[in-house]
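**Q** below are the sequence and a predicted model for it; my questions follow.
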Amino acid sequence: MQLVIVTGLSGSGKSIVLKMLEDSGYYCIDNLPATLLPQISEHLSNVQHEQVAISIDTRSASLEALPDNIRQLKSQGMDVQVLFLEANVETLVKRYSETRRRHPLSKDTSTLAESISHERHLLEQLVDLGLRIDTSNLSANTLRNWVKEFVIQKNGELTLLFSSFGFKHGIPLDADYVFDVRCLPNPYYDKELRPFTGQDAVIRDYLEKQENVHRMYEDIQGFVSRWLPCFVQDNRSYLTVAIGCTGGQHRSVYLVERLGAYFRQHQQKVLIRHRELEKS
């Protein structure tokens, strides 16, 4: 049985993910108490559900039991994957204002922002259990596509996730490492190159003529290669490397594509995301 656990902040998109998984054939359970995870997993396995998704968040009791329960299931040979969804405070406040829903931790004595901050604190122990996804700048459709990529990955081997982004749209919350490449020559200032992206040949040709671009690539590639074995030994499932330029259209996209191609050639599992391109 493949088990996907969906957790994270209220308003970050867990319902969208759970509905997408249900439409994809998963047997879904919303708001399961964390202490019941081992029992319900055993029951569903016995009734031959091959794909199961369970949502566990601050509405559930005994969250502190979740990390040990996940480790227990993995030690029994179950394919367990964890999705942690989050978003920045501004985005969550806006979403709650638009839907006019009440935050699950809200009280008469606390503001919405304070309730969000309290929930983030309660979920701190769950952040590193699996893949983090910052949904602040994601459309619902992009989130669905990213989750589809996630669930098809096989368990047991670390996956490298390279993501491009634009600093003017905010730093992604889900990155383990962030590299700033705004110091590199910017094709944006050439009016003929501006409409293209780092996935286009004209941008690749332009950047590959720049010596500092090669130096930056070699430094990032060397850093990730050098420290990757340590993350493997630490039993990490995912390592997210975010590369940012000003708008997230040219330099960061080019470097993410190039790094992804390099590590794929070296038998590494790789996912590639371009936050601003996918958003547009």
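**A** In hand now; what should we look at? Residues are numbered from 1 along each chain as shown.

**Q** which regions of the stretch 51-200 of the chain sit below the pLDDT cut-off?
**A** Low-confidence segments of the stretch 51-200 of the chain, defined by pLDDT under 70: 61, 153-156.

**Q** can I get the CA coordinates of stretch 197-212 in PDB?
**A** C-alpha atoms of stretch 197-212 as PDB (Å, rounded to 0.1, in the frame of the first residue of the first chain):
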ATOM      1  CA  THR A 197      13.000  32.500 -21.000                       C
ATOM      2  CA  GLY A 198      15.900  30.400 -19.700                       C
ATOM      3  CA  GLN A 199      14.400  27.400 -21.500                       C
ATOM      4  CA  ASP A 200      14.900  29.000 -24.900                       C
ATOM      5  CA  ALA A 201      18.000  28.500 -27.000                       C
ATOM      6  CA  VAL A 202      18.600  32.200 -27.500                       C
ATOM      7  CA  ILE A 203      18.900  32.800 -23.700                       C
ATOM      8  CA  ARG A 204      21.100  29.700 -23.300                       C
ATOM      9  CA  ASP A 205      23.400  31.000 -26.000                       C
ATOM     10  CA  TYR A 206      23.600  34.400 -24.400                       C
ATOM     11  CA  LEU A 207      24.300  33.100 -20.900                       C
ATOM     12  CA  GLU A 208      26.800  30.500 -21.900                       C
ATOM     13  CA  LYS A 209      29.000  33.300 -23.300                       C
ATOM     14  CA  GLN A 210      29.300  34.800 -19.900                       C
ATOM     15  CA  GLU A 211      32.300  33.600 -17.800                       C
ATOM     16  CA  ASN A 212      30.600  34.300 -14.500                       C
END
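
**Q** can you point out the buried residues in it?
**A** Buried positions in stretch 197-212, judged by neighbour count with 16 or more other Cβ atoms under 10 Å: 197, 198, 199, 200, 203, 204, 206, 207. In short, each C-beta sits where N, CA and C put it, glycine included.

**Q** over to stretch 8-26?
**A** Buried residues in stretch 8-26, defined by neighbour count with 16+ other Cβ under 10 Å: 8-14, 16-18, 20-21, 26.

**Q** ok, residue 151 touching residue 79?
**A** No. Residue 151 is not in contact with residue 79 according to Cβ atoms under 8 Å; the separation is 10.3 Å.

**Q** quick one: which of the two has more around it?
**A** Taking neighbours as other Cβ atoms under 10 Å, residue 151 and residue 79 compare with residue 151 leading, 17 against 14.

**Q** which ones are touching that one?
**A** By Cβ atoms under 8 Å, 6 or more residues apart in numbering, the contact set of residue 151 is 2, 4, 21, 24, 81.

**Q** now the third one: closest residue in space, sequence neighbours ignored.
**A** This points to residue 21. Using Cβ to Cβ, 6 or more residues apart in numbering and skipping the chain neighbours, the partner closest in space to residue 21 is residue 53 (4.2 Å).

**Q** number of residues surrounding that neighbour?
**A** For residue 53, the neighbour count with other Cβ under 10 Å is 25.

**Q** name the element it belongs to?
**A** Assigned by DSSP states H and E, residue 53 belongs to strand 51-55.

**Q** tell me the mean pLDDT over stretch 5-15?
**A** In this model, stretch 5-15 has an average pLDDT of 95.
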